[in-house]
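> Fold the following.
(one chain, ligands or ions: 1)
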Amino acid sequence: MKRKPVSLLLLLLFLLSANHRLLAEDGYRLWQRYEQVQDAARLQAYRQALNELVVQGNSPTLTVAQQELQTGLSSLLGQPLAAVKSPTKQNILVAGTPSGSALVKELATAARLKPLGEEGYLLLTTAKDGKQYTVIAANTDIGVLYGSFHFLRLLQTQQDIGKLSLASSPKIKHRVLNHWDNLDRTVERGYSGFSLWDWHRLPGYIDQRYLDYARANASVGINGTVLTNVNANALVLTQDYLKKVAALADAFRPYGLKVYLTARFSAPIEIGGLKTADPLDPQVQAWWKQKADEIYTLIPDFGGFLVKANSEGQPGPQNYGRTHADGANMLADAVAPHKGIVMWRAFVYSEDEPDDRAKQAYNEFKPLDGQFRDNVLVQVKNGAIDFQPREPFHPLFGAMPKTPLMLELQITQEYLGQGTTLAYLSPMYKETLASDTYAKGKGTTVAKVVDGSVDKHRLTGIAGVANIGTDRNWTGHQFGQANWYSFGRLAWDHALSPEAIADEWIKMTFTGEQEFVAPVKNMMMNSHEAVVNYMTPLGLHHIMGWSHHYGPGPWIKDKHRADWTSVYYHRADEKGIGFDRTASGSNAVNQYFPPVAKEFGSLKRCPEKYLLWFHHVDWDHQVNSGRTLWNELCYRYSSGVDSVRQMQKTWDSLEGMVDRERFSHVKQFLAIQEQEAAWWRDACLLYFQTFSKRPIPQDLEKPAHTLDYYMSLDPQFVPGI
Ligand code: BDP
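Residues are numbered from 1 along each chain as shown. I've put the predicted structure just below:
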């Protein structure tokens, strides 16, 4: 009896030492968990090097940087770190700019700082007067904040900080999230709850979430956010809403996050009382100028406008017989005096154009090269159709040398299984960035077009359609966070590898233990390909459910526009399957530069992953594996399902290495994904089999139901429409 209190105490100690694994986590903290460093030797070295923090200078951004360093490091080191104005100890962490901090001026050489520009930073280990310094230096306060996050990341991933000499600056200037958020808080193609922007309570109430959102963005270098849907509502440009927008801009400013809005082209009519929105009409031009002045009075550092015009029913300059350049330039002139920019989308396809939809953006925009104002970026999706699980790069990249092209990627998984699918998208982003356009000979990659190095553009940008909402874990799927994270990291530095990004994300989000990191990284690295395989292998595209884009729908036909049907894209018939985009078909290949056109246009040389994108191929055509096309299709669909099952096994084997809540969340989502993968495989194979009239190979799992059954499924109230 006497021993009881002791054993209770022991039990309590055991529970505490088993720490995070037993505690529930809901994912809210993202990759910013700052758990105490586990490796004893590293911890010791960090504690030794970081005795106190010196931040000299004063600004909201420096305050944020100091707080982040102080709380982050105290937690990582498991002991408090004091912040002082001048050093009192021997081993000191210093953060600041040469203009705000005498110490930084002394320790960081101007020659190394200068080329790092407005956002870059230097991490440096140095000694002076018998003291050891770790220095986070930048030309500006925001550079200091970015450097602070980088430094924290080094500790979060347990890197050596003993001999730092590292410089970093972004390769692309505008790194922007696009929120497709409506004013009623629904999110178009959003699968993680509602919009973060609580318009009704703004401007009076600043939700802590806005700050946490800005902080997360700053930690990966995202420096802009378009708050509203591209299918825009003019109301956001009224004074009442602009005050709300201003409150958000104020909250984000210390984190270097600029606010942008979508501009509905017909706003002068809808909220301005004009009879026209013709961009060449002086009254319309004056209205936009006055509107821009009004916005900048409220938000002096407003970023500018994002515009979807004359696309999918949105109004635009073509309603008045004007061009996209006329429309973009009018808005550009309105924001130019305030240093604003216009991001004009090239995602257009005409209402009645009978030509291959893949060709239309190029046809409309290429002739306008050279006609846009200096502060206009043309924003181009990664591929020419629409964020498909896999697309060849958009032929506009490299084709408009006089116009800065902004790459638009989708982070939200509209066509990639939506909220419950584990698909790490970094390899997909990288595939586009690394694609060679051959615009100026070999090596003219999309990345180099976008970062301005090919055509010497100083205005550069990259956009990601956000996957963020009100769900506690922000992104619906725990692993969706990795896509937000990797978009930011690649936007800053497109040379980073998806593996390296996954590695750091896993360590910061879960744990640094190799027995966990290696299998999870492997799972992530294969996850996108798995989804491609069970949805749209070998270059198939746009064969998903009607309108909500959830689940398979290869049989979709007879809609009011042909290019909104699946049969338009896969063109399956008794002979074969695929969209002939070679000279014998739509000749879309011709929009690429000759070396690429030759490759994509040749049945032999076309990369297999794009085969059915560019070619109508016979069912018995022999592919690289030696199988017939039909058999290969069967194997690809099946292997996609197998990969998901493998992911389930991997995840199950890691039980106990992460907290129960996130473990169980991912486990349940993987089970949903497995069902959906099998649904895709069975529905597509049964449907395509009605054309191929060939059997599914014996060794493969047979479909669970009939084609009629799959065709009768009609999911209701799918989110995100
Ligand atoms: C498609 C979406 C649609 C968007 C459109 C766009 O289905 O909701 O409005 O793209 O990018 O992917 O404008």
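
> The ligand contacts on the stretch 451-600 of the chain?
Proximity of the stretch 451-600 of the chain to the ligand, by C-beta under 6 Å from any ligand atom, involves no residues. C-beta here means a position set from N, CA and C on the backbone, and glycine is covered the same way.

> What residue in the stretch 451-600 of the chain comes nearest to the ligand?
Closest to the ligand within the stretch 451-600 of the chain is His549: 6.5 Å, counting by C-beta to the nearest ligand atom.

> Quick check: the gap between Ser148 and the ligand.
The gap separating Ser148 from the ligand is 35 Å, by C-beta to the nearest ligand atom, to the nearest Å.

> Count the residues that sit near that residue.
Neighbours of Ser148 under the rule other C-beta atoms under 10 Å: 28.

> Then Gln38 would be within a helix, right?
No: assessed with DSSP: H, G, I helix; E, B strand; the rest coil, Gln38 is coil; it does not lie in a helix.

> if you skip the residues just before and after it, what's nearest to it?
Counting by C-beta to C-beta, 6 or more residues apart in numbering, Gln38 lies nearest to Gly512, which is 6.3 Å off, once chain neighbours are set aside.

> Does the one you found belong to a helix, a strand or coil?
coil.

> That one touches Thr157, doesn't it?
Yes: with contact defined as C-beta atoms under 8 Å, Gly512 counts as touching Thr157 (6.7 Å).

> give me the low-pLDDT residue ranges for the protein?
When residues are selected by pLDDT under 70, those of the chain lie in 1-23, 353.

> which residues does the closest residue to Ala434 other than its chain neighbours contact?
Leaving aside its chain neighbours, Ala434 sits nearest to Thr445 (5.7 Å; criterion: C-beta to C-beta, 6+ apart). Contacts of Thr445 were listed using C-beta atoms under 8 Å, 6 or more residues apart in numbering, and they are 433-437.

> Does Ala65 touch Ala95 like I think?
Yes: here Ala65 reaches Ala95: they are 6.0 Å apart, a contact under C-beta under 8 Å.

> Overlap in contacts, the two.
Listed contacts common to Ala65 and Ala95 are 55, 144, 148; contacts here mean C-beta under 8 Å, 6+ apart.

> quick one: the first one from the ligand, how far?
When you say that, I think you mean Val55. Using C-beta to the nearest ligand atom, Val55 is found at 42 Å from the ligand.

> number of nearby residues for the closest residue in space to that residue that isn't next to it in sequence?
What sits nearest to Val55 in space, not counting adjacent residues and going by C-beta to C-beta, 6+ apart, is Gln66, at 4.4 Å. Neighbour count of Gln66, defined by other C-beta under 10 Å: 20.

> which residues does Gln66 contact?
53, 55, 83, 95 are the contacts of Gln66 under C-beta under 8 Å, 6+ apart.

> Same list as before, the shared contacts of Ala65 and Ala95 that is, but in JSON lines and with secondary structure included.
Below are the shared contacts of Ala65 and Ala95 laid out as JSON lines (three-state DSSP):
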{"residue": "Val55", "secondary structure": "strand"}
{"residue": "Val144", "secondary structure": "helix"}
{"residue": "Ser148", "secondary structure": "helix"}
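
> just curious, which of the residues you listed is nearest to His179?
His179 lies nearest to Ser148 out of these, by C-beta to C-beta, at 25.8 Å.

> In helices, which of the contacts of Gln66 appear?
Among those, no member is found in helices (DSSP state H).

> Out of these, which is nearest to the ligand?
Distance to the ligand across these (C-beta to the nearest ligand atom) is lowest for Ala95, with 39.9 Å.

> which residues pair with the closest one across the strands?
For Ala95, the beta-bridge partners are Val55, Ile136 (DSSP bridges).

> how near is it to Pro254?
15 Å (C-beta to C-beta, to the nearest Å).

> who has more neighbours, those two?
Neighbour comparison, Ala95 and Pro254: the larger count goes to Ala95, with 31 against 21 (by other C-beta under 10 Å).

> list the contacts for the more buried one?
By C-beta under 8 Å, 6+ apart, the neighbours of Ala95 are 53-55, 62, 65-66, 69, 101, 104, 135-137, 144, 147-148.

> give me the residue from the stretch 401-550 of the chain nearest the ligand.
Nearest residue of the stretch 401-550 of the chain to the ligand, counting by C-beta to the nearest ligand atom: Glu414, 5.6 Å away.

> who's in contact with the nearest residue to Met508 once chain neighbours are set aside?
Closest residue in space to Met508, ignoring its immediate chain neighbours: Trp31 at 4.0 Å, by C-beta to C-beta, 6+ apart. Each residue near Trp31 by C-beta under 8 Å, 6+ apart is listed here: 156, 216, 219, 481, 485, 504-505, 508-509.

> Ok, Tyr429 next?
By C-beta under 8 Å, 6+ apart, the contact set of Tyr429 is 382, 409, 486-487, 490, 498.

> Looking at these, which is nearest Leu540?
Each of those was checked against Leu540 using C-beta to C-beta; the closest is Asn382, at 17.2 Å.
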